[in-house]
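# I'll drop the sequence and a predicted model, then ask my questions.
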Amino acid sequence: MATSAVLESDVAPVADAWRDAMRRIATEVAGPNAEVADRNGSFPSQTFAALRRDGMLGLMVPKSLGGQELGLRKIADLCAILAGSCGSSGMIYAMHQIKLSSLVAHGMKTEWHRALMRDIASKQLLIASSTTEAGIGGDLRVSNCAVLTDGDRISLTKQATVLSYATEADIILATARRGPESTGSDQVLVALRRDDYELLRTGEWNTLGMRATCSEGFLLTATAAAEQVLPKPFHEIAVQSMLATAHVLWGSVWFGIAADALSRAHASVRATARRMPPNFAGPLPGAARLAEATAKLQAFKSTLVAHIERFETAKRDDDDLNSINFAIEMNNLKVVASTMAVDVVREALMVAGIAGYRNDGPFSVGRHLRDVLSAPLMVANDRILANTAGLVVASRFDSGLE
Amino acid sequence: MRDRVRAIVGSMNLLPVPIDGLSDQDNLFDAGMTSFGSVQLMLAVEEAFDIEFPNNLLTRKTFATIGGLTAAVEQLATVKV
């Protein structure tokens, strides 16, 4: 069994420079700094300094704008590798990529956003996301705040109750109603640069896990140029790129956490095997459960990879991309991936036993478990299932294997 | 290298027969090494030589004879250096 997260190895036997760079950062920087970042709930600064130094923040940017134009599967693999060493770092990296994917998919026709992407690649800018808002909760598709337009300038005031790593970011992509007269679901997405906004901290982030994402509350006030509003309505951005990318990359982060937890369990079973007499007749403690968990991880990986391919296919056909079935499948990915990830980490804990329950030592999976428990909650599975319930009745039931 | 591998096999009490009676080509499984014993041998060899067996070498054949195992260790140790 591989000892770390692998989403890419089967298709890329040739050494991949970005993958090697991420492995190095994960092992040498993210891993050693993860414990302190987790304990203090502090932003993993060294890790992101290393990611910036190696040019890892602009990999999705098109080559014409100075990036590497990496596809989703490669980005997913990088997220998994980083998350295996530090779940919070992996999640921050994934959130950045999700926002970047919205720019790449919907900002290529506007000069302001093209210039922004050039800067993301050349200056290694970090993007944060502001969707959650007071009075709305986690419903992505409804906003309270509205964009106020005055000539070619706009202003925006948002009670952002959760805004991950806001003070560390260079750019915030914020949702808002199109105007003061618009309904809550008539939203736009605005790209704001650091000079455009002020942040007033209004809430703490003291959580069980994912502590270093620093997802505190802020009052966000911004003034910007009107052209900074992305030209497409937000509901199209959400349906056509953001939701699917988010579910794939979150899933990859959870996969990385689960795979690392299981590799620790694997190491603990090997340590047990070393201590046994050679004529030991078995069964080796933990090995059967390890085997079962390995099967789950394998199914998890297959699910992720299949949905990445599904998304790539849908991207070539607008009707497919906007279809109910595609929405259902991508919703289901989030629910299934988050459930499997928690299962695998819990199994890893059972295999590793007390050594896994400890917060120290090579077999500890405590942080993994705390981090991964956020998976079913970040956009609650219950909310997603309720949304899917509305869609699935209307859809044609897919019973084929094709 | 061959002597070190032989010494490891001998010291682990893997076989019901003395190691000295076996040649480098004799099959260790036929001589009584269990499947679990081969796992332990793998772990002990990894530790002793500070190597990691890649998946393509994790076969019954690799661990079947002292000669075969020595060849695998030599190959991995070379790659490491």
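Ah, there it is.

# who in chain B is up against chain A?
Within chain B, the positions near chain A by CB under 8 Å from any CB of the partner chain are B:M12, B:N13, B:L14, B:T34, B:F36, B:G37, B:V39, B:Q40, B:L43, B:A44, B:E47. Every C-beta, even on glycine, is put in place using the N, C-alpha and C of the backbone.

# could the residues you listed go into TSV alongside secondary structure and neighbour count?
Rendered in TSV, the data for the residues of chain B next to chain A read as follows (DSSP: H, G, I helix; E, B strand; the rest coil; neighbours: other CB atoms under 10 Å in any protein chain shown):
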residue	secondary structure	neighbour count
B:M12	coil	17
B:N13	coil	13
B:L14	coil	22
B:T34	coil	16
B:F36	helix	20
B:G37	helix	23
B:V39	helix	20
B:Q40	helix	22
B:L43	helix	15
B:A44	helix	18
B:E47	helix	11
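
# Does A:T202 touch A:F218 like I think?
Yes. In terms of CB atoms under 8 Å, A:T202 counts as a neighbour of A:F218; the distance is 5.9 Å.

# okay, the two: which has more neighbours?
A:F218 (22 against 15; other CB atoms under 10 Å in any protein chain shown).

# Report the secondary structure state of the more buried one.
strand (DSSP: H, G, I helix; E, B strand; the rest coil).

# ok, what's across the strand from it?
A:A160, A:R201 (DSSP bridges).

# distance of it from A:K301?
According to CB to CB, to the nearest Å, A:F218 and A:K301 sit 36 Å apart.

# now swap in B:S38 and tell me
Per CB to CB, B:S38 is found 28 Å from A:K301.

# Could you say which helix or strand holds the residue of the stretch 301-402 of chain A found nearest chain B?
When CB to the nearest CB is the measure, the stretch 301-402 of chain A has its nearest residue to chain B at A:P362, with 14.4 Å between them. Counting by DSSP states H and E, there is no helix or strand that carries A:P362.

# Roughly how far does it sit from A:I81?
Counting by CB to CB, the separation of A:P362 from A:I81 is 19 Å.

# Looking at these two, which one has more neighbours?
Neighbour count, other CB under 10 Å: between A:P362 and A:I81, A:I81 has more, with 31 against 11.

# Get me the contact residues on the stretch 201-350 of chain A for chain B.
Residues of the stretch 201-350 of chain A lying close to chain B by CB under 8 Å from any CB are A:R270, A:A273, A:R274, A:M276, A:P277, A:P278, A:N279, A:F280, A:A281, A:G282, A:L284.

# who wins for neighbours among those residues?
Neighbours were tallied for each of these (criterion: other CB under 10 Å), and the maximum of 19 neighbours falls on A:A273.

# residue contacts, that residue?
By CB atoms under 8 Å, 6 or more residues apart in numbering or on different chains, the contact list for A:A273 reads A:L284, B:F36, B:V39, B:Q40, B:L43.

# and what of A:Q228?
A:Q228 makes contact with A:W112, A:H113, A:I154, A:V190, A:A191, A:L192, A:D196, according to CB under 8 Å, 6+ apart.

# pLDDT score assigned to it?
A:Q228 carries a pLDDT score of 98 in this model.

# now do A:S395
Spelled out, the predicted local distance difference test score at A:S395 is 82.

# Tell me, how many residues neighbour the nearest residue to it once chain neighbours are set aside?
What sits nearest to A:S395 in space, not counting adjacent residues and going by CB to CB, 6 or more residues apart in numbering or on different chains, is A:I324, at 4.7 Å. The number of residues packed around A:I324, counting by other CB under 10 Å, is 15.
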